[in-house]
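In: Take a look and give me a structure for this.
(one chain, ligands or ions: 2)
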Amino acid sequence: MAAEAWFWRWGWGRRCLGRPGLPGPGPGPTTSLLLVFLLFLGLVTSDITDGNSEHLKREHSLIKPYQGVGSSSMPLWDFQGSTMLTSQYVRLTPDERSKEGSIWNYQPCFLKDWEMHVHFRVHGAGKKNLHGDGIALWYTRDRLVPGPVFGSKDNFHGLAIFLDTYPNDETTERVFPYISVMVNNGSLSYDHSKDGRWTELAGCTADFRNRDHDTFLAVRYSRGRLTVMTDLEDKNEWKNCIDITGVRLPTGYYFGASAGTGDLSDNHDIISMKLFQLMVEHTPDEENIDWTKIEPSVNFLKSPKDNVDDPTGNFRGGPLTGWRVFLLLLCALLGIIVCAVVGAVVFQKRQERNKRFY
Ligand SMILES: *[C@@H]1O[C@H](CO)[C@@H](O)[C@H](O)[C@H]1NC(C)=O
Ligand SMILES: [Ca+2]
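Out: Ligands and ions are numbered 1, 2, ... in the order given. Now for the predicted structure:
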């Protein structure tokens, strides 16, 4: 368990290097361990990817300076509603009542495994519980349609991650701001008055509002596993928020972000959205499916905790995930060392006995 945690921290922390202004984790004992690991990986299992290599996809990313946003000749992102561009951030809503705005990637995304890093800021003059409503991050079939769900349409097709700052449900025992995820095939409606309680798959409390430093959120989707992490404490460290399996999402949907205010308000800013392609191998069975035809769904028959990569059962026999391979190799290495030590001791004992005989 400890090794798994360590591996994940490394896997996510490494990507922080891509952030401007933030120091990377720096070299340490992990680097040499990693080299040994990669060497073993290359020698023993050349057909297994570690699931951690990645590539930034410029066409699905929103990065300063915001060229290719709105009315340019090569648009990458469209925006709508109260959204306003400055040189430093994209403001989805200002700190004013009854605003809604969104920004949407222009091209559908056909990557099967991806990771989105969002640098965002929610801030305003409102004191405790007098601010709202929050940001939604989207991977959906439809784009640019305004509506009641944090400024975007309800009964959506796809994935939503809600960064909800205001507890509309007064009876809730939850601590806000609260991050939650929802997967929808168009049949479900988001109940704003209950903060989406009945449709959420998982969530966590996250203190991201009115922070003096940069705040980040990462979403990883790979082989049916959906992971949401936050970096809110200015420590350049990802903290686990959501980790569920059995999530099925098609390719060909759009990334977007939206925000809404009601009677209460906040500035909802997006500073960057960076999409990374995860290099993950799929079995021929998986490759033969038309991924654009997949219905968004969640299979809860398996416990979200048992780390099964496959949502459907079709993908069984796929390659081991990175950390499992790592653990296996570590065990093998330890085994070899133990054998060597035992061998040396036995050899020495025998030498001594021989000496005694002569
Ligand atoms: C959509 O989801 C609902 C409930 O989650 C389910 O009952 C329904 O069968 C799904 N429809 C399709 C077309 O998958
Ligand atoms: Ca709410």
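In: Can you tell me the number of residues neighbouring the residue in the stretch 1-150 of the chain that ligand 1 sits nearest to?
Out: With CB to the nearest ligand atom, the shortest gap between the stretch 1-150 of the chain and ligand 1 falls at R141, namely 12.7 Å. Every C-beta, even on glycine, is put in place using the N, C-alpha and C of the backbone. R141 sits with 17 neighbouring residues when counted by other CB atoms under 10 Å.
In: Also S193?
Out: S193, neighbours per other CB under 10 Å, totals 9.
In: Grab the nearest non-local neighbour of it.
Out: The shortest distance from S193 to any residue other than its chain neighbours is 5.3 Å, reached at N168 (CB to CB, 6 or more residues apart in numbering).
In: contacting residues for that neighbour?
Out: Contact analysis of N168 by CB atoms under 8 Å, 6 or more residues apart in numbering lists D133, H192, S193, K194, D195.
In: and the last one, how far is that from T283?
Out: Meaning D195. 39 Å (CB to CB, to the nearest Å).
In: for V219, same thing?
Out: 24 Å.
In: Please say which of those two ends up with more neighbours.
Out: Shown here are V219 and T283; by other CB under 10 Å, V219 has more neighbours (22 against 14).
In: And the more buried one, how far from ligand 1?
Out: For V219, the distance to ligand 1 (CB to the nearest ligand atom, to the nearest Å) stands at 21 Å.
In: Specify the beta-bridge partners of that residue.
Out: Beta-bridge partners for V219, by DSSP bridges, are M116, V228.
In: so where's this protein uncertain?
Out: 1-53, 70-74, 301-323, 339, 353-358 (pLDDT under 70).
In: The residue of the stretch 1-150 of the chain closest to ligand 1 contacts K153, correct?
Out: No: here R141 does not reach K153: they are 10.3 Å apart, not a contact under CB atoms under 8 Å.
In: Find the helix or strand that the residue nearest to S193 is a member of.
Out: Using DSSP states H and E, N168 sits in no helix or strand.
In: For it, what are phi and psi?
Out: For N168, the backbone dihedrals (degrees, to the nearest 10) come out as phi -70, psi -30.
In: Let's check: the centremost residue of the chain is which one?
Out: Central residue of the chain (CA atoms, centre = their mean): V219, 1.7 Å from the mean position.
In: check contacts around that residue.
Out: Residues near V219 by CB under 8 Å, 6+ apart: E115, M116, V118, L137, I161, L226, T227, V228.
In: Is the second one in contact with L137, as I believe?
Out: What it means is M116. Yes: using CB under 8 Å, M116 is in contact with L137, at 7.4 Å.
In: what residues are shared contacts of these two?
Out: With CB under 8 Å, 6+ apart as the test, M116 and L137 both reach V219, F255.
In: near ligand 2, which residues of the chain?
Out: For the chain, the residues in contact with ligand 2 (CB under 5 Å from the ion) are D164, Y166, N168, D195.
In: Closest one of those to ligand 1?
Out: Out of the residues of the chain next to ligand 2, the member with the shortest distance to ligand 1 (by CB to the nearest ligand atom) is D195, at 19.0 Å.
In: The closest one reaches D169, doesn't it?
Out: Yes: the criterion here is CB under 8 Å, and D195 meets it with D169 at 5.3 Å.
In: Let's verify P146: helix, strand, or coil?
Out: coil (DSSP: H, G, I helix; E, B strand; the rest coil).
In: Provide a list of residues in contact with it.
Out: P146 neighbours (CB under 8 Å, 6+ apart): Q80, G81, E100, S102, S152, K153.
In: ok, it to L92 distance?
Out: Between P146 and L92 the computed distance is 12 Å (CB to CB).
In: returning to that earlier point: now, the most widely separated pair of the contacts of N168?
Out: Pairwise distances across those peak at 13.3 Å for D133 and K194 (criterion: CB to CB).
In: So which of those two has more stuff around it?
Out: Set D133 next to K194 and count neighbours by other CB under 10 Å: D133 wins out with 27 against 14.
In: Next secondary structure after the longest strand along the chain?
Out: Criterion DSSP state E: the longest strand present in the chain is strand 267-278. Downstream of strand 267-278, the first helix or strand assigned by DSSP H and E is helix 284-287.
In: Export stretch 55-72 to PDB, keeping only CA atoms.
Out: Taking C-alpha atoms only, stretch 55-72 is exported to PDB below (Å, rounded to 0.1, in the frame of the first residue of the first chain):
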ATOM      1  CA  HIS A  55       2.400  14.400 -24.100                       C
ATOM      2  CA  LEU A  56       0.900  17.800 -24.000                       C
ATOM      3  CA  LYS A  57      -1.800  18.200 -26.600                       C
ATOM      4  CA  ARG A  58      -1.700  21.800 -27.700                       C
ATOM      5  CA  GLU A  59      -5.000  21.600 -29.700                       C
ATOM      6  CA  HIS A  60      -6.900  20.600 -26.500                       C
ATOM      7  CA  SER A  61      -5.100  23.000 -24.100                       C
ATOM      8  CA  LEU A  62      -5.700  26.600 -23.000                       C
ATOM      9  CA  ILE A  63      -2.400  28.200 -22.300                       C
ATOM     10  CA  LYS A  64      -1.200  31.800 -21.900                       C
ATOM     11  CA  PRO A  65      -0.900  33.900 -24.100                       C
ATOM     12  CA  TYR A  66      -4.500  33.000 -25.100                       C
ATOM     13  CA  GLN A  67      -4.000  32.900 -28.800                       C
ATOM     14  CA  GLY A  68      -6.600  30.900 -30.800                       C
ATOM     15  CA  VAL A  69      -9.400  31.800 -28.400                       C
ATOM     16  CA  GLY A  70     -12.500  33.200 -29.800                       C
ATOM     17  CA  SER A  71     -12.600  35.000 -33.100                       C
ATOM     18  CA  SER A  72      -9.200  34.200 -34.600                       C
END
